[in-house]
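Peer 1: Sequence and computational prediction follow.
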Amino acid sequence: SQDEEVTARLVADIRDQREALEARHGVTDLRVTGMTAAAVDISDRLSGALLPFAVLVVGLSLVLLTVVFRSIAVPLKATAGYLLSVVAAFGAVAAVFQWGWLADLLNVTSLGPVISFLPIILMGVLFGLAMDYEVFLVSRMREAYVHGADALTAVRAGFTASARVVTAAAVIMISVFTAFIPASSQMVKPIALGLAVGIFVDAFIVRMTLVPAVLALLGDKAWWLPRRLDRAMPVLDVEGAALEHHLDHEAWVAEHGVATVRAEQVVVADEQDAPVAVVDVVARPGQVVVLAGPDRVARRAVLSALAGRLRTSGGTLVVLDRVLPDEAA
């Protein structure tokens, strides 16, 4: 039949002998067509595009997560976890549909090659879901860390706040894809199984287990980013943290009154990322604040932070009702 491996080999043999056949029969531009030939051509094209697609996906995840989380370790960890999920999905598909593991239980009637575009589908869908779970989980951890919590406390706070959301989302997606496995066509079964296994591994093994464990072990190093790179990258607010901080400040103003400058436990660091000052001051309209001290570098760093030109390492900083660095001009 057109789906058997021997038919695909026949197409390859005819194409290999094209020049000899053209000379023997006096024809030019001999081509092989049909369902099998088209499937072979599509498979070859997709196989050639798989590596560039994988490089693009992995590179994109590294760049975007570096910008979002202002960290080197977090993107590397997230990308490694994503690749682990993809490998697990590919392994499950190969084990069931090529080696025959659990084939009777899953109602797999024939073993052999799967559809050619399955790898790209699995990689694309799992990339979107893996990055979604990563942002849900780690953004809360980073927010707690930026606001002064130590590394371990930040991991615990972020995990407590986001774990149930990620778990619920993963259970829904796994249930949907699992439902397609027993009764679907032989073309849909591998996709459904691969996505169900990949999401399970990514959500419950990678995000729920490995992510908090690795971040807890790394401690403060998990959130390290070279100062020069931090200044060069744009600020992306993917979770609406800027709006939340602004609303928190409005609530503070309603309780304590208007302030021109509000700095609460703001940690200011120099260009070498070494803390030089901790600022804790509230200046009302009309008040004058004098910045004094023997350390010229510290004074300059504090002024740069108040002007929005230097990102702080922690605490809350609001100047003229603009929360920094979220609302820096």
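Peer 2: Great, that's in hand. Numbers count the residues shown, from 1 in each chain.
Peer 1: Test my guess that Glu22 contacts Thr28.
Peer 2: Yes - in this structure Glu22 lies within contact range of Thr28 using Cβ atoms under 8 Å: 6.0 Å. Bear in mind the C-beta positions are built from the backbone N, C-alpha and C, glycine included.
Peer 1: of these two, who's got more company?
Peer 2: Counting neighbours by other Cβ atoms under 10 Å for Glu22 and for Thr28 shows that Glu22 has the greater number, 13 against 6.
Peer 1: does the more buried one belong to a helix or a strand, and which?
Peer 2: Assigned by DSSP states H and E, Glu22 belongs to helix 18-25.
Peer 1: State the next helix or strand along the chain beyond that helix.
Peer 2: Scanning forward in sequence from helix 18-25 by DSSP H and E, the next helix or strand is helix 35-69.
Peer 1: which parts of the helix or strand just after that following helix are buried?
Peer 2: Under the assignment DSSP H and E, the closest C-terminal helix or strand after helix 35-69 is helix 73-97. Using 16 or more other Cβ atoms under 10 Å as the test for burial, helix 73-97 gives 73-75, 77-79, 81-86, 88-90, 92-93, 96-97.
Peer 1: What of stretch 125-144?
Peer 2: 125-127, 129-131, 133-144.
Peer 1: if we can go back for a sec, tell me the gap between the helix holding Glu22 and the middle of its chain.
Peer 2: Taking the mean C-alpha point of helix 18-25 and that of its whole chain, the gap between them comes to 53 Å (Cα atoms, centre = their mean, to the nearest Å).
Peer 1: which residues are contacting that helix?
Peer 2: Contact with helix 18-25 is made by 14, 27-30, as judged by Cβ atoms under 8 Å, 6 or more residues apart in numbering.
Peer 1: Please apply the same query to stretch 290-302.
Peer 2: Residues external to stretch 290-302 that are found in contact with it (Cβ under 8 Å, 6+ apart): 268-270, 276-277, 279, 303, 310.
Peer 1: just stretch 168-180 next, same as before
Peer 2: Residues from elsewhere that reach stretch 168-180 (Cβ under 8 Å, 6+ apart): 129, 132-133, 136, 188-189, 191-193, 195-196, 199-200, 202-204.
Peer 1: 6 Å - rerun?
Peer 2: Applying Cβ atoms under 6 Å, 6 or more residues apart in numbering, the set of residues contacting stretch 168-180 from outside is 188, 192, 195-196, 199-200, 203.
Peer 1: of the residues you listed, buried ones?
Peer 2: The neighbour-count test (16+ other Cβ under 10 Å) applied to those identifies 192, 195-196, 199-200, 203 as buried.
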